[in-house]
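In: Coordinates only, no sequence provided:
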């Protein structure tokens with residue numbers, strides 16, 4: 001059964017009657033942080049994990065696709081000046097060159113990070129009025145369910161319930177917004193996530209549209225069931241080890257892997273799985289972390305029960321006259337340390353269901369990608385992944401926002417430090433969203449654009465505070481070429497350039513690049529007598 005029943009802004013009501021609030025965590029630049037700064041990020045994420053003492057969380061890492069051609073077309077919108085027509089031709093030539101260099105693939109992979117929190121009512125004062133409201137709400141839900149079963153076309157939601165949970169969502173947001181930059185999701189975001197999970201390919205987010213009409217009555221809100229279910233417009237053919245997804249725009253093959261065992265502890269920093277996978281993979285990889293929070297008392301009970309089981313195994317081996325297995329001895333040491341740690345810190349523990357989603361356009365490519373992902377997790381982080389037979393649909397539904405955990409056999413019991421050290425939301429952020437293409441990131445392969453016109457303009461989201469550039473590097477490393485490239489493109493985009501050229505390397509630009517002749521001024525500082533003192537502001541010249 002599709003879990004989503006109703007959507008209200010960034011809140012989702014599922015079929016179990018649970019309300020969830022979802023936010024997008026804006027990626028933060030992790031590439032150039034010092035160890036101390038990384039520890040500060042770790043601590044902030046750890047605080048987010050402990051916002052809810054009880055309840056559930058859902059973390060989603062979705063590989064979104066960005067069209068290179070569309071990004072280049074957006075560059076044309078910022079063109080100004082007399083060279084606009086020439087600049088458009090240059091951008092078109094550049095676009096074809098970029099796509100050719102990428103092997104004919106027009107889309108780049110970019111990652112988006114989402115956090116969902118189950119909304120939990122606080123302790124409310126018991127009163128006759130409150131009891132009456134709860135009884136009325138139960139009766140209303142019963143009537144709505146009867147109407148839903150009889151009619152089947154509409155879903156009816158109590159408007160008072162929506163308002164109550166909207167207040168809880170606002171309170172939750174006030175508690176988490178200071179840790180990272182979080183943005184409330186819209187129905188478009190939720191629709192995009194669901195359709196992506198159901199095989200939508202090659203659709204940039206900015207082109208995606210999703211309408212979710214609703215009718216607000218005096219005491220209830222009506223929505224058509226179809227408006228939610230149409231997000232799943234896809235034929236699913238489940239096989240033992242993968243799912244074949246067939247949509248109008250094409251078909252894809254999807255497989256799900258989950259963590260079977262954590263061998264040893266991950267050391268931080270250097271264990272940021274989400275960050276390093278952006279450098280490792282040139283294909284989309286999605287991850288779902290379904291987290292159930294265990295209060296300290298429940299965690300201690302679970303750990304002590306596990307300790308009793310291990311002691312029983314140890315005693316059984318002793319009575320049988322055999323040596324205790326090394327794995328049991330190591331587990332006893334670990335569980336004893338964990339019990340002491342939980343007793344000292346009073347922290348919660350977390351039931352983690354960690355699922356990796358891999359998609360490809362053919363079975364052969366899917367198997368190749370699965371082998372690469374397994375190698376990444378097992379060799380780099382000592383995390384064993386399994387691909388359960390016949391459970392693909394169940395793990396597929398774990399990715400749907402507000403969906404519940406499918407399988408209990410692969411639960412990992414972890415602490416907040418483990419979750420905070422995975423690098424959720426960490427990214428390499430170079431350049432601007434739009435502007436002139438200047439190259440690509442050698443680590444991730446993503447194209448880099450710059451827009452110097454954003455400098456000191458107080459543009460929302462801009463990180464450019466001063467328009468200054470320094471080129472450093474070895475002899476012949478490309479410093480002059482990079483500077484020339486930026487100057488040329490920015491003049492095409494509407495800027496004007498004054499070039500002081502001591503070595504006369506650009507002395508023939510006006511002749512060789514006639515389209516720039518009216519937009520640039522070049523001063524060559526040669527050894528001629530007329531150039532003496534040209535850069536000295538204290539020299540008074542006769543002319």
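Out: Now that the structure is in, tell me what you want to look at. Quantities reported herein were computed from a predicted structural model and do not represent experimental measurements.
In: From here on, just use CA atoms for contacts and neighbour counts.
Out: OK.
In: In this structure residue 431 contacts residue 454, no?
Out: No - in this structure residue 431 lies outside contact range of residue 454 using CA atoms under 8 Å: 11.3 Å.
In: all strands for the stretch 351-500 of the chain, in order.
Out: For the stretch 351-500 of the chain, the strands defined by DSSP state E, counting those that start in this stretch cover 383-386, 412-414, 426-427, 436-440, 447-450, 497-501.
In: okay if I get these as a markdown table plus mean pLDDT and distance to residue 64?
Out: Formatted as a markdown table, these follow (pLDDT from 0 to 100; distance: least, CA to CA, whole Å):
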| stretch | mean pLDDT | distance to residue 64 |
| --- | --- | --- |
| strand 383-386 | 92 | 23 |
| strand 412-414 | 87 | 27 |
| strand 426-427 | 89 | 14 |
| strand 436-440 | 87 | 18 |
| strand 447-450 | 88 | 15 |
| strand 497-501 | 88 | 37 |
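In: from the ones you listed, which stretch is densest packed?
Out: Of all the strands of the stretch 351-500 of the chain, strand 426-427 has the most neighbours on average by mean count of other CA atoms under 10 Å, namely a mean of 22.
In: Tell me what residue 356 is bridged to.
Out: Residue 356 forms beta bridges with residue 257, residue 287, as assigned by DSSP bridges.
In: Identify each buried residue in the strand or helix carrying residue 344, please.
Out: Element membership for residue 344, per DSSP states H and E: helix 326-345. Within helix 326-345, the residues that qualify as buried by neighbour count (16 or more other CA atoms under 10 Å) are 332, 335, 338, 339, 342.
In: Let me have the strands of the stretch 351-500 of the chain in CSV, adding distance to residue 35 as columns.
Out: As requested, the strands of the stretch 351-500 of the chain are arranged in CSV below (distance: least, CA to CA, whole Å):
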stretch, distance to residue 35
strand 383-386, 24
strand 412-414, 23
strand 426-427, 14
strand 436-440, 26
strand 447-450, 26
strand 497-501, 40
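In: Check the spacing between residue 349 and residue 304 real quick.
Out: Note on residue 349: its distance to residue 304, by CA to CA, to the nearest Å, is 13 Å.
In: Neighbour count for the two, which is higher?
Out: Each of residue 349 and residue 304 has its neighbours counted (other CA atoms under 10 Å); residue 349 has more, 25 against 16.
In: what sits against that one?
Out: Listed by CA atoms under 8 Å, 6 or more residues apart in numbering, the contact set of residue 349 reads 293, 294, 295, 296, 299, 413, 414, 415, 416.
In: Low-confidence regions, the stretch 301-450 of the chain specifically.
Out: 327 (pLDDT under 70).
In: before we move on, what about the chain?
Out: Using pLDDT under 70, the chain drops low at 52-54, 122-152, 264, 327, 460-466, 540-543.
In: repeat that with 50
Out: Across the chain, residues meeting the criterion (pLDDT under 50) sit at 123-129, 146-151.
In: Return the members of the contacts of residue 349 classed as buried.
Out: By 16+ other CA under 10 Å, these give 293, 294, 295, 296, 299, 413, 415, 416 as buried.
In: The fourth one contacts residue 344, correct?
Out: No - using CA under 8 Å as the test, residue 296 is too far from residue 344 to be in contact (10.5 Å).
In: For the stretch 51-200 of the chain, just list every one of the helices.
Out: Secondary structure of the stretch 51-200 of the chain (DSSP state H, counting those that start in this stretch): helices at 68-76, 84-101, 128-151, 159-176, 187-197.
In: Okay, buried residues for the first one please.
Out: Translated: helix 68-76. Result for helix 68-76 [16+ other CA under 10 Å]: buried residues 68, 69, 71, 72, 73, 75, 76.
In: So which of these is the closest to residue 450?
Out: Set against residue 450, the nearest of these by CA to CA is residue 75 (10.4 Å).
In: circling back to that earlier point, which of the strands of the stretch 351-500 of the chain sits closest to residue 314?
Out: Residue 314 lies closest, by CA to CA, to one member of the strands of the stretch 351-500 of the chain: strand 412-414, at 22.1 Å.
In: what sits up against stretch 367-375?
Out: Contacts with stretch 367-375, where a contact means CA under 8 Å, 6+ apart, come from 358, 384, 385.
In: cutoff 10 Å now
Out: 242, 253, 255-257, 277, 280-285, 356-360, 363, 366, 376, 380-387 (CA atoms under 10 Å, 6 or more residues apart in numbering).
In: which stretches of the stretch 401-543 of the chain form helices?
Out: For the stretch 401-543 of the chain, the helices defined by DSSP H, counting those that start in this stretch cover 416-420, 479-492, 509-512.
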